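pasting a predicted model and its sequence here:
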Amino acid sequence: MHILRRALLGSLWTMIGWKPSFAGQASPETVTQEEASSVTPRHVLCFLGRDRDLSRLSEAAGQAIRDFATGFSVDEDYSQGEPDERMGRSFDVCWDRVELDAWSETDEQSVADHQSVLYVLGPSMAKAETVKVSMTALRLVERLIEAGAVAVKGESAGIAHGLDRWRELIRQGAEAQGAGDLLAQRRIGRLAFAKRPLSARGYLKSVGFHLVGLPEVYVPVTAGSERQVVAIMDAVADEIGKKGLDPTLTVRGASLSFDSVYEVDEFKFNPYGIVKLAG
C-alpha cells in the first residue's frame, strides 16, 4: 500500500469517529521483538496553504530538501491544490490538548479556510538517527511556515499545534541543537511530534515516541488526573533517554511489551515497544 495512503487511512479513522477509547477496544497484535526491530519509523508531515497555488509551499519544501532535509520528499500523489473538507475534523482531534494555548481560534479558522494541502514524507529512520531527523523535520516545518503554511500536522502520530506553538518548539529545538544537548533535542522532538494521552484499556498512553527512538509509555489511569499521568509519561521518557531502558524499567517496576494495537505497517506502530508501568 502507498506509504501516504496508509497514513491517510489512519487519519480517516480519526475523522469518521475515532475517539481515544477506540484503541482500547482493538485487539493487541502479537509481535515479537525481532519482528518489531525490522520496522523503521518515518515522518509524514501535512501542511495547509492559504491559496490554491501549491507552488510556493512545494518549492520551499524542495529548496529545504536540497539545503538540509536530505531524504525528505514531497508526495505528489496526495498533495492537492484545493481544499480537503476532512481537514477541519482531522485537526480538531489532533490538536495538542496538553500544552496550554497550543492553538487558537485563528489557527482553527486557518484550517477551515485552507485552499491547498502539501504532504512531505521523511526518510525511514534508524534508531540512532531519529532525534537528528526529527530536528530536521522541525526545521522543515519552520521553512514552510515562513513560506506561508497556515497549519501543520504530524501525520505519523496524529498531532497538530498552532503556528505560535510550532514556532516555540522550533526555537527550543534550535537552542538545543546549538548547545549540543541531545536529551533536550529528544524531549523537544517528542513534544513536537508525539500525541498523548490516549486511552488503552486501563492505561493512558503515548503515541509517536518512536519518532525520537523511544518506546511508548503506558501509565495506569489510576495514577492520577490526565495531567498527572502526562507528567509521569514525560518523566519516564526523559529517564529512558538519560539512564537507559533497563535501569528505568527496574526503578519504575515496569515491563516492556510488544503487543501493539497498531499493525507493523502502520505509522503509529512503535518498533521499540511499550513500557507499561505497574498499577
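Looks like it came in fine.

how many other residues sit next to the residue lying closest to Ala192 once chain neighbours are set aside?
Closest residue to Ala192 apart from its sequence neighbours, by CB to CB, 6 or more residues apart in numbering: Leu169 at 4.6 Å. C-beta: built from backbone N, CA, C; applies to glycine. Applying other CB atoms under 10 Å, we find 20 residues neighbouring Leu169.

what about the helices in the stretch 151-279 of the chain?
With DSSP state H, counting those that start in this stretch as the criterion, the stretch 151-279 of the chain has helices at 163-179, 182-193, 226-243, 245-252.

now the strands for the stretch 51-200 of the chain?
Along the stretch 51-200 of the chain, the segments classed as strands by DSSP state E, counting those that start in this stretch run 73-80, 116-121, 151-154, 159-161, 195-199.

send over the second one as CSV, restricted to the C-alpha atoms.
The C-alpha coordinates for strand 116-121 follow below in CSV (Å, rounded to 0.1, in the frame of the first residue of the first chain):
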residue,chain,number,x,y,z
SER,A,116,-4.4,23.5,-0.6
VAL,A,117,-2.6,20.6,1.1
LEU,A,118,1.0,19.6,0.8
TYR,A,119,2.4,16.3,2.2
VAL,A,120,6.1,15.8,2.8
LEU,A,121,7.5,12.3,3.6
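
note down every partner strand of that strand and its orientation.
With DSSP bridges as the test, strand 116-121 is paired with strand 44-49 (antiparallel), strand 73-80 (antiparallel).

mind checking how far the most centrally placed residue in the chain is from Arg201?
Centroid check for the chain by CA atoms, centre = their mean gives Phe193 as the closest residue, at 3.1 Å. Distance from Phe193 to Arg201, counting by CB to CB, to the nearest Å: 24 Å.

next one: Gly122
30 Å.

kindly report the same for Gly81.
In terms of CB to CB, Gly81 sits 42 Å off from Arg201.

kindly report the same for Gly71.
The value you get for Gly71 to Arg201, if CB to CB is used, is 36 Å.

one step back: what about the helices of the stretch 151-279 of the chain, which gets the closest to Val111?
helix 163-179 (11.0 Å; CB to CB).

my guess is Asp53 contacts Glu82, does it?
No: counting by CB atoms under 8 Å, Asp53 sits too far from Glu82 to count as a contact (10.8 Å).

which residues do the two both contact?
When contacts are counted by CB atoms under 8 Å, 6 or more residues apart in numbering, Asp53 and Glu82 are jointly contacted by Ser116.

OK, contacts around Gly273?
33, 36, 215-216, 256-258.

try Val150
Residues near Val150 by CB under 8 Å, 6+ apart: 48-50, 110-111, 113-114, 163.

same question, Val219
197, 203-205, 229, 232-233, 236, 277.

same check on Glu142?
Going by CB under 8 Å, 6+ apart, Glu142 touches 166-167, 170.

what do you get for Gly241?
By CB under 8 Å, 6+ apart, the residues touching Gly241 are 183, 186-187, 214.

now with 7 Å, please.
Gly241 sits next to 183, 186, 214 when contact means CB atoms under 7 Å, 6 or more residues apart in numbering.

for Val74, same thing?
By CB under 7 Å, 6+ apart, the neighbours of Val74 are 58, 61-62, 118, 120.

nearest to Ser90 among those residues?
Lowest distance from Ser90 to the contacts of Val74 (CB to CB) belongs to Leu118, with 14.8 Å.

and that closest one, how far from Val219?
Counting by CB to CB - Leu118 and Val219 are separated by 35 Å.

okay, now Leu211: neighbour count?
29.

can you pull the pLDDT of it?
In this prediction, Leu211 carries a pLDDT score of 98.

again with the one 5 residues further on
At Glu216 the predicted local confidence, pLDDT, stands at 98.

and Ser38, by the same measure?
Note for Ser38: predicted pLDDT of 84.

then Asp265?
With respect to pLDDT, Asp265 scores 88.
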